[in-house]
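**Student:** Just a sequence and a predicted model for now, questions to come.
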Amino acid sequence: MNNTDFDIILGDFIEVYVPTYKGLQNWKTKREPHNYAHIDFYTTRGGDIVIDGKKYTEEANTLLCIPKNKGYTGIVRNELHQYYSFLFSYETTADSTDFPFPVIFKPKDPQYFLSKYKEAYSLSIIQPFGYKTRIRKIIYDVLAKIIEEHHTSVNNDNGGYTIRKSVDFIHKNFDKNDFCQEDIANLSGITDSHFRRVFKKVYGVAPSKYINTLRLNKAKVMLSDTDISIEELSYQCGYNNYSYFVRAFKTSFGLTPSEYRKTRRNENLI
């Protein structure tokens with residue numbers, strides 16, 4: 001998922017529970033699609049779960065992540081089967097309500113997740129003041145950690161680690177106008193053409209477009225928050241050519257920089 005604006009917003013429904021099954025011989029349970037998700041942490045090897053015709057095996061120290069509106073069939077084996085579960089309603093800022101990570105997720109630090117689940121379960125039993133807010137924060141922590149680990153893994157698999165130094169430089173210096181793409185590639189010890197191939201594979205766009213997006217977003221903030229002249233503002237965002245900046249801004253946002261500034265000021269007066 002390349003949408004950097006993707007976000008998960010928890011709803012009102014949140015539950016924590018710890019089911020335990022023992023001595024069940026190929027016991028099956030079928031769940032119809034419903035309006036909440038669950039993310040389970042398995043402390044033992046569980047069984048199998050089938051979603052959209054694909055079978056997943058529930059291993060110890062793994063997370064099972066099922067988004068809402070997904071039916072599934074679970075199969076419990078003839079052995080001890082225990083896990084912690086978060087159930088919650090949610091919305092996303094994207095068209096899809098799927099999670100931006102796999103159904104079965106193997107964390108690098110399972111003890112981190114186990115401690116979070118234990119803390120949440122304890123809060124749900126004791127129910128101290130503000131316990132729902134605290135559980136909600138824990139679920140957000142778990143979601144953020146999964147996204148962070150998965151994103152890092154995907155980037156490394158796609159070559160993201162190879163260009164890490166170059167990307168760090170871009171984020172720190174995108175508003176400068178005195179560097180070239182070849183210099184950026186050299187920071188990672190690779191050729192410009194190799195850098196462009198890896199960058200597009202990881203981020204889904206060419207480096208030049210990525211840098212331009214960073215510059216334009218900074219321009220939006222400065223147009224809203226400062227009274228600096230638009231020509232000077234364009235230079236501070238990394239543009240040598242004022243006319244090009246105006247065209248690029250209007251192409252991206254549908255308004256010229258001056259029109260955007262006027263609109264924002266009118267909104268602030270309301």
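**Tutor:** Arrived safely. Numbers count the residues shown, from 1 in each chain.

**Student:** contacting residues around E148?
**Tutor:** By C-beta atoms under 8 Å, 6 or more residues apart in numbering, E148 lies in contact with nothing. C-beta: built from backbone N, CA, C; applies to glycine.

**Student:** Next secondary structure after whatever helix or strand it lives in?
**Tutor:** Here E148 sits within helix 131-158, counting by DSSP states H and E. The helix or strand immediately downstream of helix 131-158 is helix 164-173, counting by DSSP H and E.

**Student:** for that next one, packing partners?
**Tutor:** Using 3 or more C-beta pairs under 8 Å, 6 or more residues apart in numbering; DSSP states H and E, the elements in contact with helix 164-173 are helix 181-187, helix 192-203, helix 207-225.

**Student:** Give me the contact list for it.
**Tutor:** With C-beta under 8 Å, 6+ apart, helix 164-173 has contacts from 160, 179, 184-185, 187-188, 195, 199, 207, 210-211, 214.

**Student:** do the same with stretch 7-23
**Tutor:** So stretch 7-23 is in contact with 27, 36, 76, 78-93, 99, 117, 120-121, 123-124, 132, 135-136, 139-140, 143, going by C-beta under 8 Å, 6+ apart.

**Student:** Kindly recompute the last result at 7 Å.
**Tutor:** 36, 76, 78, 80-93, 120-121, 124, 132, 135-136, 139-140, 143 (C-beta atoms under 7 Å, 6 or more residues apart in numbering).

**Student:** got it, and stretch 261-270?
**Tutor:** 223-224, 255.

**Student:** Give me the below-cutoff pLDDT ranges for the stretch 1-150 of the chain.
**Tutor:** 1-5, 21-26, 77-80 (pLDDT under 70).

**Student:** so how far is D175 from the residue lying closest to N35 once chain neighbours are set aside?
**Tutor:** Spatial nearest neighbour of N35, chain neighbours left out: K68 (5.5 Å); criterion: C-beta to C-beta, 6 or more residues apart in numbering. Per C-beta to C-beta, to the nearest Å, K68 is found 40 Å from D175.

**Student:** Y140 now?
**Tutor:** Relative to D175, Y140 is positioned 31 Å away (C-beta to C-beta).
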